[in-house]
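Trainee: how would this look folded up:
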Amino acid sequence: MKQSRIMSLVEPVANVVVGYGVTVATQTLIFPVFGLHTSLAQNLKLGAVFTVVSIARSYVLRRLFEAIQNRIP
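Mentor: Next up is the predicted model:
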């Protein structure tokens, strides 16, 4: 079964949206343990940066593996 380009994007976006909340919560709890004190706004912005990077990474890897799969007879 071949995955469309749109679904290759939708899947990691859904995954990352759920992970975004986990990321912000984790940063809020863990950063102080390491002496990092950030505001909620800073945590949300940092989480957004990691979210964009994660979506791009997931999309590129998905397309790479799709290309590899299509080359194998």
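Trainee: V16: how many residues sit nearby?
Mentor: For V16, the neighbour count with other CB atoms under 10 Å is 19. For glycine as for every other residue, the C-beta is placed from the backbone atoms N, C-alpha and C.
Trainee: What strand or helix carries it?
Mentor: In this assignment (DSSP states H and E), V16 forms part of helix 5-30.
Trainee: who does the helix or strand just after that helix touch, helix- and strand-wise?
Mentor: Next helix or strand after helix 5-30 toward the C-terminus (DSSP H and E): helix 40-71. When contacts are defined as 3 or more CB pairs under 8 Å, 6 or more residues apart in numbering; DSSP states H and E, helix 40-71 packs onto helix 5-30.
Trainee: re the thing from before, give the rounded mean pLDDT of the helix holding V16.
Mentor: Here helix 5-30 scores 88 as its mean pLDDT.
Trainee: Show me what it is packed up against.
Mentor: Helix 5-30 packs on helix 40-71, going by 3+ CB pairs under 8 Å, 6+ apart.
Trainee: Buried ones in the helix it packs on, by neighbour count?
Mentor: Neighbour counts using 16 or more other CB atoms under 10 Å place 43, 47, 50-51, 54-55, 58-59, 62 of helix 40-71 among the buried residues.
Trainee: got the angle between that helix and helix 5-30?
Mentor: 140 degrees (axes from the mean of the first three to the mean of the last three CA atoms, to 10 degrees).
Trainee: Distance from the chain centre to helix 40-71, please.
Mentor: Averaging C-alpha positions (CA atoms, centre = their mean, to the nearest Å) puts helix 40-71 5 Å from its chain's average.
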